[in-house]
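Participant: Whatever this is, show me its structure:
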Amino acid sequence: MFADELKTLRRLGFRHVLLQVLNFASVLASGLMIWKGLGLLTNTESPIVVVLSGSMEPAFYRGDLLFLVNPPDTRYQTGDITVYKIPGQDIPIVHRVLETHDVVKPVNGVREKVPRPENQLLLTKGDNNYLDDVELYQGLDWLERKHIVGKVRGFLPYVGYVTIALNDFPQLKYALLGGLGLLALVQRE
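Facilitator: From the prediction side, this is the model:
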């Protein structure tokens with residue numbers, strides 16, 4: 001099945017195969033650096049997310065790709081679409097802010113006149129859901145700013161279906177990665 005590819009690898013020699021492996025590693029490292037750079041630029045751990053459920057329809061559909069920002073000095077407003085992550089859950093949730101609440105903490109014994117954004121509490125709800133998200137918060141009454149991944153700034157419809165397909169069918173993911181790795185080794189440029 002792979003006899004021709006193995007002959008090609010033997011013919012190319014060790015140095016050429018090593019060069020191809022290093023080229024492949026540099027492509028992966030470049031992608032990681034771009035991802036981390038976007039995270040620093042947007043102040044969020046995940047600058048791009050995929051909608052996995054229909055809870056935000058008709059605003060966003062399953063498979064939409066969302067672009068996030070998380071400005072540290074900006075307060076969230078009712079109606080903002082946020083992505084949040086509850087401790088202990090792996091998958092972030094995309095929902096709209098339903099209510100905001102300010103916790104005014106005294107600083108050096110003096111009560112603040114203007115509440116700080118980091119002391120803001122949020123209550124969210126999916127557009128397609130009947131109830132708010134308190135049950136999703138796992139014992140919390142409100143979301144704190146530390147739970148917020150970001151605010152949606154833009155989206156591309158249906159582009160995220162590739163990610164959904166790769167997660168739903170792991171064999172497809174492994175076949176794609178194996179094919180790309182083999183292509184990187186055999187390619188002569």
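
Participant: Okay, now the unreliable bits of this protein?
Facilitator: 1-2, 5, 9, 107, 112-114, 184-185, 187-189 (pLDDT under 70).

Participant: hmm, try it at 80
Facilitator: Along the chain, segments meeting pLDDT under 80 span 1-17, 20, 104-118, 181-189.

Participant: can you pull out the strands in it?
Facilitator: 48-50, 65-69, 81-84, 93-102, 120-125, 143-144, 148-156 (DSSP state E).

Participant: Need the residues that contact the first one.
Facilitator: Meaning strand 48-50. Here strand 48-50 makes contact (Cβ atoms under 8 Å, 6 or more residues apart in numbering) with 38, 63-68, 83, 92, 94, 149, 160, 163-164. Where C-beta positions appear, they are placed from N, C-alpha and C, glycine not excepted.

Participant: quick one: R75 and R116, what's the gap?
Facilitator: With distances taken as Cβ to Cβ, to the nearest Å, R75 is found 9 Å from R116.

Participant: returning to that earlier point: same list (the contacts of strand 48-50) but as JSON lines, adding neighbour count.
Facilitator: Output for the contacts of strand 48-50, formatted as JSON lines (neighbours: other Cβ atoms under 10 Å):
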{"residue": "L38", "neighbour count": "15"}
{"residue": "G63", "neighbour count": "18"}
{"residue": "D64", "neighbour count": "22"}
{"residue": "L65", "neighbour count": "19"}
{"residue": "L66", "neighbour count": "24"}
{"residue": "F67", "neighbour count": "17"}
{"residue": "L68", "neighbour count": "26"}
{"residue": "V83", "neighbour count": "22"}
{"residue": "P92", "neighbour count": "21"}
{"residue": "V94", "neighbour count": "27"}
{"residue": "V149", "neighbour count": "18"}
{"residue": "G160", "neighbour count": "22"}
{"residue": "T163", "neighbour count": "16"}
{"residue": "I164", "neighbour count": "15"}
